[in-house]
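*Asks:* 3D model of this:
(chains A and B)
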Amino acid sequence: MRKLIAHTEIEVNEEGYLTDFSQWTKEIGECIADENGVCLTDRHWEVISYIHEKHNKDEPLSIRGIKKSGVIDVKEFYSLFPGGPLKKATMIAGIPKPKSCI
Amino acid sequence: MMANHLVKKLPKKEWDITIVDQYKTHYYQPGFLFLPFDIYTTKQVKKNGEKFIPKRVRYVQEKIDLIQHEDNKVILEKGKELPYDVLIVATGTKIAPEEIEGMKGPKWYKNIFDFYTYEGAKALRNKLREWKGGKLVVHITEMPIKCPVAPLEFAFLADSFFKNKGMRDKVDITFVTPLSGAFTKPKATEALHYLLEEKGIKEVTDFNIERVDYENNKIIDYGDTEVEYDLLVTVPTNIGDAVIERSAMGDDLNFVPTNKGTLQTLQHENIFAIGDATNLPASKAGSVAHFEAEILTENILRYINNEPLKEDFDGHANCFIETGNGKALLIDFNYTHEPVEGTFPFPGVGPLQLLKESRSNHMGKMAFRWVYWNMLIKGVHIPFVSATMSEKGKHLETLNQ
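*Replies:* You can find the predicted model right below:
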(Lines give C-alpha, C1' and ligand atoms only; values in the text may rest on other atoms or scores of the structure.)
Protein backbone atom coordinates (compact mmCIF):
# COMPACT_ATOMS: atom_id res chain seq x y z
CA MET A 1 0.00 0.00 0.00
CA ARG A 2 1.00 3.62 -0.45
CA LYS A 3 1.79 6.02 2.31
CA LEU A 4 2.59 9.70 2.33
CA ILE A 5 5.52 10.39 4.57
CA ALA A 6 7.96 13.33 4.72
CA HIS A 7 6.09 14.78 1.70
CA THR A 8 6.97 11.69 -0.32
CA GLU A 9 4.77 8.83 -1.41
CA ILE A 10 6.30 5.47 -0.56
CA GLU A 11 5.28 1.80 -0.74
CA VAL A 12 4.89 0.00 2.56
CA ASN A 13 3.46 -3.38 3.60
CA GLU A 14 0.54 -3.82 6.01
CA GLU A 15 2.87 -3.58 9.00
CA GLY A 16 4.43 -0.34 7.81
CA TYR A 17 7.76 -1.69 6.50
CA LEU A 18 9.10 -0.19 3.28
CA THR A 19 8.85 -2.64 0.43
CA ASP A 20 11.46 -0.85 -1.70
CA PHE A 21 14.61 0.24 0.08
CA SER A 22 15.55 2.59 -2.76
CA GLN A 23 12.68 4.87 -1.63
CA TRP A 24 14.24 5.30 1.81
CA THR A 25 15.81 8.61 2.86
CA LYS A 26 17.04 9.90 6.22
CA GLU A 27 13.94 12.11 6.44
CA ILE A 28 11.66 9.14 5.94
CA GLY A 29 13.60 7.26 8.63
CA GLU A 30 13.10 10.19 11.00
CA CYS A 31 9.36 10.31 10.36
CA ILE A 32 8.95 6.55 10.93
CA ALA A 33 10.99 6.90 14.14
CA ASP A 34 8.73 9.72 15.23
CA GLU A 35 5.60 7.63 14.60
CA ASN A 36 7.12 4.93 16.81
CA GLY A 37 7.96 7.29 19.62
CA VAL A 38 11.71 7.22 19.00
CA CYS A 39 13.72 10.43 18.82
CA LEU A 40 16.81 9.72 16.74
CA THR A 41 20.23 10.68 18.13
CA ASP A 42 23.72 10.16 16.65
CA ARG A 43 23.87 6.88 18.55
CA HIS A 44 20.70 5.68 16.81
CA TRP A 45 22.21 6.56 13.43
CA GLU A 46 25.32 4.51 14.20
CA VAL A 47 23.09 1.51 14.83
CA ILE A 48 21.05 2.19 11.69
CA SER A 49 24.16 2.34 9.57
CA TYR A 50 25.29 -1.00 11.06
CA ILE A 51 21.87 -2.42 10.11
CA HIS A 52 22.24 -1.08 6.57
CA GLU A 53 25.68 -2.62 6.33
CA LYS A 54 24.34 -6.05 7.33
CA HIS A 55 21.42 -5.65 4.94
CA ASN A 56 23.72 -4.77 2.02
CA LYS A 57 25.77 -7.87 2.69
CA ASP A 58 22.59 -9.92 2.80
CA GLU A 59 23.40 -11.06 6.33
CA PRO A 60 20.47 -11.82 8.62
CA LEU A 61 19.94 -9.63 11.66
CA SER A 62 19.47 -11.12 15.08
CA ILE A 63 19.84 -10.20 18.73
CA ARG A 64 22.85 -12.54 18.81
CA GLY A 65 24.37 -10.61 15.90
CA ILE A 66 23.85 -7.34 17.77
CA LYS A 67 25.57 -8.84 20.81
CA LYS A 68 28.63 -9.67 18.72
CA SER A 69 28.52 -6.52 16.57
CA GLY A 70 30.92 -4.46 18.66
CA VAL A 71 28.71 -1.47 17.78
CA ILE A 72 26.25 -1.71 20.64
CA ASP A 73 25.33 -4.08 23.46
CA VAL A 74 21.85 -5.50 23.70
CA LYS A 75 20.89 -3.52 26.80
CA GLU A 76 21.63 -0.23 25.07
CA PHE A 77 19.90 -1.45 21.90
CA TYR A 78 16.76 -1.98 24.01
CA SER A 79 17.06 1.43 25.59
CA LEU A 80 17.45 3.14 22.18
CA PHE A 81 14.53 1.31 20.58
CA PRO A 82 12.25 0.34 23.49
CA GLY A 83 9.82 -2.54 22.97
CA GLY A 84 10.91 -4.65 20.05
CA PRO A 85 14.30 -3.12 19.14
CA LEU A 86 14.98 -5.23 16.04
CA LYS A 87 11.50 -4.68 14.67
CA LYS A 88 11.58 -0.94 15.30
CA ALA A 89 15.15 -0.38 14.13
CA THR A 90 14.60 -2.23 10.86
CA MET A 91 11.38 -0.35 10.18
CA ILE A 92 13.15 2.97 10.70
CA ALA A 93 16.09 1.78 8.57
CA GLY A 94 13.67 1.01 5.73
CA ILE A 95 14.52 -2.67 5.41
CA PRO A 96 12.24 -5.71 5.84
CA LYS A 97 11.40 -7.03 9.29
CA PRO A 98 13.93 -9.76 10.17
CA LYS A 99 12.52 -13.11 9.20
CA SER A 100 12.54 -16.04 11.51
CA CYS A 101 11.92 -19.19 9.66
CA ILE A 102 9.60 -21.88 10.92
CA MET B 1 19.97 -41.66 4.52
CA MET B 2 22.46 -40.27 1.98
CA ALA B 3 24.52 -43.47 2.10
CA ASN B 4 21.39 -45.46 1.45
CA HIS B 5 20.59 -43.27 -1.56
CA LEU B 6 24.11 -43.14 -2.98
CA VAL B 7 25.05 -46.77 -2.53
CA LYS B 8 22.41 -47.64 -5.11
CA LYS B 9 23.54 -45.00 -7.57
CA LEU B 10 27.34 -44.97 -7.47
CA PRO B 11 29.36 -47.59 -9.36
CA LYS B 12 30.68 -50.12 -6.85
CA LYS B 13 34.16 -50.32 -8.36
CA GLU B 14 34.80 -46.59 -8.41
CA TRP B 15 33.39 -45.38 -5.12
CA ASP B 16 33.86 -46.17 -1.46
CA ILE B 17 31.34 -44.73 0.97
CA THR B 18 32.24 -44.15 4.61
CA ILE B 19 29.98 -42.90 7.39
CA VAL B 20 31.65 -41.39 10.43
CA ASP B 21 29.36 -41.31 13.44
CA GLN B 22 30.49 -40.70 16.99
CA TYR B 23 27.27 -42.01 18.54
CA LYS B 24 26.26 -45.66 18.90
CA THR B 25 22.59 -44.98 19.48
CA HIS B 26 20.34 -43.48 16.84
CA TYR B 27 17.50 -41.57 18.49
CA TYR B 28 14.07 -40.96 17.02
CA GLN B 29 14.19 -37.30 17.97
CA PRO B 30 10.54 -36.46 17.19
CA GLY B 31 9.74 -38.92 19.97
CA PHE B 32 11.39 -36.69 22.58
CA LEU B 33 8.22 -34.59 22.49
CA PHE B 34 6.16 -37.53 23.72
CA LEU B 35 8.57 -39.04 26.20
CA PRO B 36 7.93 -36.48 29.00
CA PHE B 37 4.20 -37.29 28.93
CA ASP B 38 4.68 -41.06 29.07
CA ILE B 39 3.15 -41.37 25.59
CA TYR B 40 6.29 -43.04 24.30
CA THR B 41 8.63 -45.24 26.30
CA THR B 42 12.39 -44.80 26.26
CA LYS B 43 12.68 -47.97 24.17
CA GLN B 44 10.49 -46.52 21.44
CA VAL B 45 12.84 -43.63 20.72
CA LYS B 46 16.20 -45.34 20.26
CA LYS B 47 17.85 -48.00 18.18
CA ASN B 48 21.37 -49.09 17.48
CA GLY B 49 22.64 -46.94 14.58
CA GLU B 50 24.61 -49.75 13.00
CA LYS B 51 21.38 -51.51 12.02
CA PHE B 52 20.70 -48.87 9.40
CA ILE B 53 24.04 -48.91 7.64
CA PRO B 54 23.74 -50.43 4.18
CA LYS B 55 26.10 -53.15 3.03
CA ARG B 56 29.16 -51.91 1.14
CA VAL B 57 29.29 -48.84 3.40
CA ARG B 58 32.12 -48.52 5.88
CA TYR B 59 30.92 -47.42 9.31
CA VAL B 60 33.45 -45.66 11.51
CA GLN B 61 32.38 -45.04 15.09
CA GLU B 62 34.66 -42.28 16.19
CA LYS B 63 34.59 -38.59 16.88
CA ILE B 64 35.96 -36.23 14.23
CA ASP B 65 38.70 -33.94 15.42
CA LEU B 66 38.93 -31.76 12.33
CA ILE B 67 37.76 -31.41 8.76
CA GLN B 68 40.85 -30.29 6.85
CA HIS B 69 38.91 -28.98 3.91
CA GLU B 70 41.89 -27.42 2.18
CA ASP B 71 43.51 -30.87 1.95
CA ASN B 72 40.30 -32.87 1.41
CA LYS B 73 40.62 -35.01 4.48
CA VAL B 74 38.86 -35.74 7.75
CA ILE B 75 41.02 -36.23 10.84
CA LEU B 76 39.55 -38.59 13.41
CA GLU B 77 40.00 -38.15 17.15
CA LYS B 78 42.62 -40.88 17.42
CA GLY B 79 44.62 -39.31 14.62
CA LYS B 80 43.61 -41.45 11.67
CA GLU B 81 43.09 -39.54 8.40
CA LEU B 82 40.28 -40.18 5.95
CA PRO B 83 40.87 -38.57 2.54
CA TYR B 84 37.75 -37.80 0.46
CA ASP B 85 36.70 -36.74 -3.02
CA VAL B 86 33.25 -35.66 -1.90
CA LEU B 87 32.20 -34.83 1.65
CA ILE B 88 28.64 -34.57 2.96
CA VAL B 89 28.28 -32.72 6.25
CA ALA B 90 25.32 -33.91 8.32
CA THR B 91 26.45 -32.94 11.79
CA GLY B 92 23.07 -31.56 12.85
CA THR B 93 22.38 -29.14 15.65
CA LYS B 94 22.36 -29.45 19.40
CA ILE B 95 21.34 -27.40 22.38
CA ALA B 96 23.70 -25.02 24.16
CA PRO B 97 22.07 -24.10 27.50
CA GLU B 98 25.40 -22.67 28.67
CA GLU B 99 24.82 -19.74 26.27
CA ILE B 100 22.36 -18.17 28.73
CA GLU B 101 23.50 -17.12 32.18
CA GLY B 102 21.87 -19.17 34.92
CA MET B 103 20.23 -21.73 32.64
CA LYS B 104 22.58 -24.65 33.06
CA GLY B 105 23.19 -23.89 36.72
CA PRO B 106 22.33 -25.70 39.94
CA LYS B 107 18.64 -25.95 38.96
CA TRP B 108 19.26 -27.67 35.60
CA TYR B 109 17.17 -30.84 35.61
CA LYS B 110 15.74 -29.79 39.01
CA ASN B 111 13.11 -27.29 37.86
CA ILE B 112 14.68 -26.21 34.54
CA PHE B 113 14.54 -28.76 31.73
CA ASP B 114 14.99 -29.17 28.01
CA PHE B 115 13.21 -31.86 26.01
CA TYR B 116 15.51 -31.78 22.97
CA THR B 117 17.85 -34.42 24.36
CA TYR B 118 17.13 -37.96 25.48
CA GLU B 119 18.45 -37.12 28.96
CA GLY B 120 16.36 -33.93 29.22
CA ALA B 121 13.14 -35.55 28.01
CA LYS B 122 13.60 -38.45 30.41
CA ALA B 123 14.41 -36.24 33.40
CA LEU B 124 11.37 -34.10 32.59
CA ARG B 125 9.18 -37.21 32.39
CA ASN B 126 10.25 -38.15 35.91
CA LYS B 127 9.57 -34.61 37.11
CA LEU B 128 6.11 -34.46 35.52
CA ARG B 129 5.14 -37.79 37.05
CA GLU B 130 5.35 -36.30 40.50
CA TRP B 131 4.84 -32.54 39.91
CA LYS B 132 2.01 -31.09 41.98
CA GLY B 133 1.32 -28.09 39.76
CA GLY B 134 2.13 -24.39 39.67
CA LYS B 135 3.45 -22.13 36.94
CA LEU B 136 4.68 -24.04 33.89
CA VAL B 137 6.63 -21.86 31.45
CA VAL B 138 7.42 -23.23 28.00
CA HIS B 139 10.17 -21.09 26.53
CA ILE B 140 12.18 -20.60 23.33
CA THR B 141 15.58 -18.95 23.81
CA GLU B 142 16.38 -17.81 20.28
CA MET B 143 15.76 -18.77 16.67
CA PRO B 144 16.54 -20.84 14.71
CA ILE B 145 15.65 -24.01 16.57
CA LYS B 146 15.17 -27.56 15.48
CA CYS B 147 11.53 -28.45 14.82
CA PRO B 148 10.24 -24.92 15.51
CA VAL B 149 6.69 -26.02 16.35
CA ALA B 150 7.77 -28.56 18.98
CA PRO B 151 7.66 -26.09 21.92
CA LEU B 152 4.08 -25.17 21.05
CA GLU B 153 3.16 -28.83 20.68
CA PHE B 154 4.70 -29.34 24.10
CA ALA B 155 2.39 -26.68 25.56
CA PHE B 156 -0.65 -28.27 23.89
CA LEU B 157 0.28 -31.75 25.09
CA ALA B 158 0.91 -30.41 28.60
CA ASP B 159 -2.62 -28.98 28.62
CA SER B 160 -4.04 -32.44 27.71
CA PHE B 161 -1.71 -34.22 30.11
CA PHE B 162 -2.79 -32.17 33.12
CA LYS B 163 -6.45 -32.35 32.10
CA ASN B 164 -6.23 -36.13 31.98
CA LYS B 165 -4.59 -36.14 35.37
CA GLY B 166 -7.44 -34.04 36.74
CA MET B 167 -5.12 -31.22 37.78
CA ARG B 168 -5.37 -28.69 34.94
CA ASP B 169 -6.78 -26.13 37.40
CA LYS B 170 -3.57 -26.37 39.40
CA VAL B 171 -1.35 -25.58 36.42
CA ASP B 172 -0.82 -22.22 34.80
CA ILE B 173 0.75 -22.59 31.33
CA THR B 174 2.62 -19.69 29.69
CA PHE B 175 4.31 -19.82 26.31
CA VAL B 176 7.27 -17.44 26.00
CA THR B 177 8.83 -16.73 22.60
CA PRO B 178 11.33 -14.28 21.06
CA LEU B 179 9.04 -14.06 18.00
CA SER B 180 6.01 -11.81 17.59
CA GLY B 181 3.60 -14.74 17.75
CA ALA B 182 3.39 -18.30 18.98
CA PHE B 183 3.55 -19.66 15.44
CA THR B 184 6.56 -18.62 13.47
CA LYS B 185 4.64 -17.83 10.29
CA PRO B 186 2.06 -15.01 10.28
CA LYS B 187 -0.64 -16.96 8.36
CA ALA B 188 -0.40 -19.88 10.74
CA THR B 189 -0.55 -17.51 13.73
CA GLU B 190 -3.75 -16.02 12.36
CA ALA B 191 -5.38 -19.37 11.65
CA LEU B 192 -4.29 -21.12 14.80
CA HIS B 193 -4.33 -18.55 17.54
CA TYR B 194 -7.69 -19.85 18.73
CA LEU B 195 -5.94 -23.01 19.94
CA LEU B 196 -4.07 -21.07 22.59
CA GLU B 197 -7.23 -19.33 23.76
CA GLU B 198 -9.20 -22.56 23.77
CA LYS B 199 -6.59 -24.25 25.93
CA GLY B 200 -6.06 -21.31 28.26
CA ILE B 201 -2.37 -20.97 27.40
CA LYS B 202 -0.96 -17.52 28.07
CA GLU B 203 1.48 -16.00 25.64
CA VAL B 204 4.47 -13.70 26.11
CA THR B 205 5.95 -12.61 22.76
CA ASP B 206 9.05 -10.62 21.69
CA PHE B 207 10.86 -11.94 24.75
CA ASN B 208 14.63 -12.01 24.21
CA ILE B 209 16.04 -13.71 27.27
CA GLU B 210 19.07 -12.21 28.98
CA ARG B 211 19.36 -14.56 31.96
CA VAL B 212 17.66 -17.08 34.20
CA ASP B 213 17.39 -15.98 37.82
CA TYR B 214 17.34 -19.53 39.15
CA GLU B 215 17.34 -18.41 42.78
CA ASN B 216 14.06 -16.54 42.38
CA ASN B 217 12.64 -18.77 39.64
CA LYS B 218 12.22 -16.20 36.91
CA ILE B 219 13.47 -15.52 33.40
CA ILE B 220 14.42 -11.96 32.52
CA ASP B 221 14.72 -10.41 29.07
CA TYR B 222 16.85 -7.52 27.80
CA GLY B 223 13.89 -5.18 28.14
CA ASP B 224 13.66 -6.15 31.85
CA THR B 225 10.41 -8.08 31.38
CA GLU B 226 10.23 -10.86 33.96
CA VAL B 227 8.31 -14.14 33.79
CA GLU B 228 8.03 -16.27 36.91
CA TYR B 229 7.99 -20.05 36.81
CA ASP B 230 7.83 -23.05 39.06
CA LEU B 231 8.78 -25.38 36.23
CA LEU B 232 10.71 -24.02 33.24
CA VAL B 233 10.76 -26.09 30.07
CA THR B 234 13.11 -24.27 27.74
CA VAL B 235 14.50 -24.76 24.28
CA PRO B 236 18.06 -23.48 24.67
CA THR B 237 20.05 -21.85 21.87
CA ASN B 238 20.61 -24.31 19.02
CA ILE B 239 24.11 -24.46 17.59
CA GLY B 240 25.89 -26.61 15.03
CA ASP B 241 28.46 -29.20 16.07
CA ALA B 242 31.72 -28.01 17.60
CA VAL B 243 33.70 -29.74 14.83
CA ILE B 244 32.33 -27.13 12.41
CA GLU B 245 33.74 -24.37 14.59
CA ARG B 246 37.08 -26.17 15.03
CA SER B 247 37.30 -26.59 11.26
CA ALA B 248 36.37 -22.92 10.60
CA MET B 249 33.44 -23.93 8.41
CA GLY B 250 30.51 -22.28 10.16
CA ASP B 251 28.70 -19.01 10.86
CA ASP B 252 28.03 -17.43 14.30
CA LEU B 253 26.02 -20.47 15.36
CA ASN B 254 28.33 -23.07 13.75
CA PHE B 255 25.91 -23.67 10.88
CA VAL B 256 27.52 -24.31 7.50
CA PRO B 257 26.85 -21.64 4.84
CA THR B 258 25.17 -23.59 2.05
CA ASN B 259 23.58 -22.80 -1.31
CA LYS B 260 19.86 -22.98 -0.60
CA GLY B 261 18.94 -24.49 -3.96
CA THR B 262 21.81 -26.91 -4.65
CA LEU B 263 22.95 -27.82 -1.08
CA GLN B 264 26.57 -27.32 -2.06
CA THR B 265 28.54 -25.48 0.62
CA LEU B 266 29.71 -21.99 -0.26
CA GLN B 267 33.25 -22.74 0.90
CA HIS B 268 34.14 -25.77 -1.26
CA GLU B 269 32.66 -27.30 -4.38
CA ASN B 270 33.22 -30.86 -3.19
CA ILE B 271 31.58 -30.35 0.20
CA PHE B 272 27.81 -30.58 0.51
CA ALA B 273 25.61 -30.18 3.56
CA ILE B 274 22.25 -31.57 4.55
CA GLY B 275 19.73 -31.22 7.36
CA ASP B 276 20.12 -29.17 10.52
CA ALA B 277 23.84 -28.59 9.91
CA THR B 278 23.16 -26.05 7.14
CA ASN B 279 22.37 -22.35 7.48
CA LEU B 280 19.43 -22.58 5.06
CA PRO B 281 16.37 -20.45 5.83
CA ALA B 282 14.28 -23.64 5.92
CA SER B 283 12.93 -25.48 8.94
CA LYS B 284 15.37 -27.60 10.83
CA ALA B 285 13.15 -30.65 10.56
CA GLY B 286 13.36 -34.29 9.59
CA SER B 287 11.02 -33.83 6.64
CA VAL B 288 13.30 -31.12 5.26
CA ALA B 289 16.35 -33.39 5.43
CA HIS B 290 14.33 -36.11 3.73
CA PHE B 291 13.36 -33.84 0.84
CA GLU B 292 16.88 -32.44 0.64
CA ALA B 293 18.30 -35.97 0.38
CA GLU B 294 16.51 -36.66 -2.88
CA ILE B 295 17.81 -33.45 -4.45
CA LEU B 296 21.28 -33.76 -2.96
CA THR B 297 21.67 -37.28 -4.33
CA GLU B 298 20.98 -35.99 -7.82
CA ASN B 299 23.35 -33.05 -7.38
CA ILE B 300 26.19 -35.21 -6.14
CA LEU B 301 25.84 -37.42 -9.20
CA ARG B 302 25.85 -34.28 -11.35
CA TYR B 303 28.92 -32.94 -9.58
CA ILE B 304 30.76 -36.24 -10.15
CA ASN B 305 29.84 -36.15 -13.84
CA ASN B 306 30.89 -32.49 -14.19
CA GLU B 307 27.36 -31.39 -14.96
CA PRO B 308 25.83 -28.15 -13.63
CA LEU B 309 23.98 -28.60 -10.33
CA LYS B 310 20.23 -28.16 -10.12
CA GLU B 311 18.94 -25.40 -7.86
CA ASP B 312 15.92 -27.47 -7.07
CA PHE B 313 15.55 -27.39 -3.32
CA ASP B 314 12.67 -25.06 -2.43
CA GLY B 315 12.73 -25.31 1.37
CA HIS B 316 9.92 -27.84 1.36
CA ALA B 317 8.82 -28.88 4.85
CA ASN B 318 5.91 -31.00 5.95
CA CYS B 319 5.08 -31.18 9.62
CA PHE B 320 2.41 -32.64 11.80
CA ILE B 321 1.62 -30.45 14.79
CA GLU B 322 0.21 -32.19 17.83
CA THR B 323 -2.56 -30.13 19.37
CA GLY B 324 -3.43 -32.47 22.24
CA ASN B 325 -6.53 -34.62 22.92
CA GLY B 326 -5.58 -37.02 20.15
CA LYS B 327 -5.68 -34.40 17.43
CA ALA B 328 -3.08 -32.85 15.17
CA LEU B 329 -2.61 -30.35 12.37
CA LEU B 330 -0.62 -30.81 9.20
CA ILE B 331 1.33 -28.03 7.51
CA ASP B 332 3.15 -28.07 4.18
CA PHE B 333 5.25 -25.10 3.08
CA ASN B 334 8.52 -23.91 1.52
CA TYR B 335 10.84 -20.89 1.27
CA THR B 336 8.25 -18.73 -0.45
CA HIS B 337 4.86 -20.18 0.50
CA GLU B 338 3.50 -20.06 4.00
CA PRO B 339 1.35 -22.93 5.26
CA VAL B 340 -2.18 -22.68 3.86
CA GLU B 341 -5.40 -24.65 4.03
CA GLY B 342 -6.16 -27.51 1.66
CA THR B 343 -5.83 -31.26 1.36
CA PHE B 344 -2.79 -33.53 1.28
CA PRO B 345 -1.26 -35.41 -0.45
CA PHE B 346 -4.07 -35.79 -3.05
CA PRO B 347 -5.50 -32.48 -4.25
CA GLY B 348 -9.13 -32.12 -3.20
CA VAL B 349 -9.20 -35.56 -1.61
CA GLY B 350 -6.72 -35.64 1.22
CA PRO B 351 -7.14 -37.70 3.30
CA LEU B 352 -5.14 -35.29 5.40
CA GLN B 353 -6.37 -31.75 5.95
CA LEU B 354 -3.86 -28.91 5.90
CA LEU B 355 -3.88 -26.31 8.65
CA LYS B 356 -6.92 -27.88 10.33
CA GLU B 357 -7.13 -29.97 13.47
CA SER B 358 -8.17 -33.59 12.96
CA ARG B 359 -7.78 -37.07 14.37
CA SER B 360 -6.45 -38.44 11.09
CA ASN B 361 -3.56 -35.99 11.26
CA HIS B 362 -2.76 -37.29 14.74
CA MET B 363 -2.79 -40.85 13.39
CA GLY B 364 -0.44 -39.62 10.66
CA LYS B 365 1.95 -38.28 13.26
CA MET B 366 1.88 -41.52 15.21
CA ALA B 367 2.41 -43.57 12.03
CA PHE B 368 5.38 -41.36 11.22
CA ARG B 369 7.55 -43.22 13.73
CA TRP B 370 7.20 -46.35 11.61
CA VAL B 371 7.81 -44.36 8.43
CA TYR B 372 10.94 -42.90 10.01
CA TRP B 373 12.58 -46.18 11.01
CA ASN B 374 11.47 -48.08 7.94
CA MET B 375 11.52 -45.55 5.11
CA LEU B 376 13.25 -42.24 5.89
CA ILE B 377 16.54 -43.57 7.22
CA LYS B 378 16.66 -46.17 4.50
CA GLY B 379 16.21 -43.48 1.85
CA VAL B 380 12.95 -44.92 0.55
CA HIS B 381 10.83 -42.37 -1.34
CA ILE B 382 7.48 -41.72 0.38
CA PRO B 383 4.77 -42.38 -2.20
CA PHE B 384 2.82 -39.33 -3.42
CA VAL B 385 4.99 -36.83 -1.52
CA SER B 386 7.44 -34.96 -3.74
CA ALA B 387 10.71 -33.40 -2.67
CA THR B 388 9.59 -30.00 -3.90
CA MET B 389 6.31 -28.55 -2.66
CA SER B 390 3.19 -29.21 -4.69
CA GLU B 391 0.79 -26.28 -5.08
CA LYS B 392 -2.10 -28.55 -5.98
CA GLY B 393 -5.01 -28.95 -3.58
CA LYS B 394 -3.96 -25.87 -1.63
CA HIS B 395 -5.88 -22.70 -1.09
CA LEU B 396 -3.00 -20.56 -2.19
CA GLU B 397 -5.19 -17.56 -2.95
CA THR B 398 -5.36 -16.98 0.79
CA LEU B 399 -1.73 -15.88 0.56
CA ASN B 400 -2.58 -12.84 -1.46
CA GLN B 401 -5.22 -11.46 0.85
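*Asks:* Let's check: the centremost residue of chain A is which one?
*Replies:* residue A:90 (2.2 Å; Cα atoms, centre = their mean).
*Asks:* my guess is it is in a helix, correct?
*Replies:* Yes: under DSSP: H, G, I helix; E, B strand; the rest coil, residue A:90 falls within a helix.
*Asks:* give the contact list for it.
*Replies:* Contacts for residue A:90 (Cβ atoms under 8 Å, 6 or more residues apart in numbering or on different chains) come out as A:17, A:51, A:61, A:96-98. Heads up, the C-betas are built off the backbone N, CA and C, glycines and all.
*Asks:* can you do 6 Å?
*Replies:* Going by Cβ atoms under 6 Å, 6 or more residues apart in numbering or on different chains, residue A:90 touches residue A:97.
*Asks:* I'd like to know how far it sits from residue A:97.
*Replies:* Residue A:90 sits 6 Å away from residue A:97, going by Cβ to Cβ, to the nearest Å.
*Asks:* Let me know the distance separating the residue nearest to the centre of chain A from chain B.
*Replies:* 13 Å (Cβ to the nearest Cβ, to the nearest Å).
*Asks:* Per-residue pLDDT of that residue, please?
*Replies:* pLDDT for residue A:90: 95.
*Asks:* swap in residue B:347?
*Replies:* Residue B:347 is given a pLDDT of 68.
*Asks:* list residues touching both of residue A:90 and residue A:97?
*Replies:* If you check residue A:90 and residue A:97 against Cβ under 6 Å, 6+ apart, no residue is contacted by both.
*Asks:* how many other residues sit next to the closest residue to residue B:257 other than its chain neighbours?
*Replies:* Closest residue in space to residue B:257, ignoring its immediate chain neighbours: residue B:266 at 4.4 Å, by Cβ to Cβ, 6 or more residues apart in numbering or on different chains. Residues within reach of residue B:266, counting by other Cβ atoms under 10 Å in any protein chain shown, total 13.
*Asks:* So residue B:163 versus residue B:37, what's the distance?
*Replies:* 12 Å.
*Asks:* of those two, who's got more company?
*Replies:* residue B:37 (21 against 15).
*Asks:* how close does the more buried one get to residue A:33?
*Replies:* Distance from residue B:37 to residue A:33, by Cβ to Cβ: 47 Å.
*Asks:* Need the single longest helix in chain A, by residues.
*Replies:* For chain A, the helix with the greatest residue count under DSSP state H is helix A:42-56.
*Asks:* Does that one reach chain B?
*Replies:* No: using Cβ under 6 Å from any Cβ of the partner chain, helix A:42-56 never reaches chain B; the gap is at least 11.9 Å.
*Asks:* after that helix comes which helix or strand?
*Replies:* helix A:63-68 (DSSP states H and E).
*Asks:* ok, residues contacting that following helix?
*Replies:* In contact with helix A:63-68 (Cβ under 6 Å, 6+ apart) are residues A:74, A:77, B:208.
*Asks:* Try it again at 8 Å.
*Replies:* So helix A:63-68 is contacted by A:54, A:59, A:72-74, A:77, A:85-86, B:142, B:178, B:208, B:222, B:237, B:252-253 (Cβ under 8 Å, 6+ apart).
*Asks:* what do you get for stretch B:147-158?
*Replies:* A:101-102, B:29-30, B:33-34, B:36-37, B:39, B:115-116, B:136, B:138-140, B:145, B:171, B:173, B:175, B:177, B:182-184, B:195, B:199, B:201, B:233, B:235, B:283-286, B:319, B:321-324, B:331.
*Asks:* try it again with 7 Å
*Replies:* A:102, B:33, B:37, B:115, B:136, B:138, B:140, B:173, B:175, B:182-184, B:195, B:199, B:201, B:233, B:235, B:283-285, B:319, B:321-324 (Cβ atoms under 7 Å, 6 or more residues apart in numbering or on different chains).
*Asks:* For the closest residue to residue B:230 other than its chain neighbours, list each beta-bridge partner.
*Replies:* Nearest non-adjacent residue to residue B:230, counting by Cβ to Cβ, 6+ apart: residue B:134, 3.2 Å away. Beta-bridge partners for residue B:134, by DSSP bridges, are residue B:171.
*Asks:* so residue B:134 touches residue B:228, yeah?
*Replies:* No: counting by Cβ atoms under 7 Å, residue B:134 does not reach residue B:228; the two are 9.7 Å apart.
*Asks:* C-terminal to the helix or strand of chain A with the lowest mean pLDDT, what's the next element?
*Replies:* Here the helix or strand of chain A ranked lowest by mean pLDDT, DSSP states H and E is helix A:63-68, holding a mean of 85. Sequence order places helix A:74-80 as the next helix or strand after helix A:63-68, per DSSP H and E.
*Asks:* Contacts for that following helix next, please.
*Replies:* A:43-44, A:47, A:63, A:66-67, A:85, B:222-223.
*Asks:* neighbouring contacts of stretch B:30-42?
*Replies:* Under Cβ under 7 Å, 6+ apart, the answer for stretch B:30-42 is B:44-45, B:115-116, B:118, B:121-122, B:124-125, B:128, B:150, B:153-154, B:157, B:161, B:286, B:368-369.
*Asks:* which among these end up buried?
*Replies:* B:45, B:115-116, B:118, B:121-122, B:124-125, B:128, B:150, B:153-154, B:157, B:161, B:286, B:368-369 (16 or more other Cβ atoms under 10 Å in any protein chain shown).
*Asks:* what does the stretch 201-350 of chain B put close to chain A?
*Replies:* B:206, B:208, B:222-223, B:252, B:281-283 (Cβ under 7 Å from any Cβ of the partner chain).
*Asks:* how about a cut-off of 8 Å?
*Replies:* Residues of the stretch 201-350 of chain B lying close to chain A (Cβ under 8 Å from any Cβ of the partner chain) are B:206, B:208, B:210, B:222-223, B:237, B:252-253, B:281-283, B:317, B:333, B:339.
*Asks:* Counting neighbours, which of those end up buried?
*Replies:* Among these, those scoring as buried are B:206, B:208, B:210, B:222-223, B:237, B:253, B:282-283, B:317, B:333, B:339 (criterion: 16+ other Cβ under 10 Å).
*Asks:* And stretch B:262-275, end to end?
*Replies:* Using Cα to Cα, to the nearest Å, the end-to-end distance of stretch B:262-275 comes out at 13 Å.
*Asks:* Of all the residues in it, which ones are buried?
*Replies:* B:262-265, B:267, B:271-275.
*Asks:* Please apply the same query to stretch A:39-54.
*Replies:* A:40, A:44, A:47-48, A:50-51, A:54.
*Asks:* now that stretch, how far from the centre of its chain.
*Replies:* Offset of stretch A:39-54 from its chain centre (Cα atoms, centre = their mean, to the nearest Å): 8 Å.
*Asks:* where does chain A dip in pLDDT?
*Replies:* Applying pLDDT under 70 to chain A picks out residues A:99-102.
*Asks:* What sits closest to residue A:86 if chain neighbours are left out?
*Replies:* Using Cβ to Cβ, 6+ apart, the nearest residue to residue A:86 is residue A:98, at 5.5 Å.
*Asks:* so what's that neighbour up against?
*Replies:* A:60-62, A:86-87, A:90.
*Asks:* which SS state does it fall under?
*Replies:* Applying three-state DSSP: residue A:98 is coil.
*Asks:* Kindly report the same for residue B:369.
*Replies:* Applying three-state DSSP: residue B:369 is helix.
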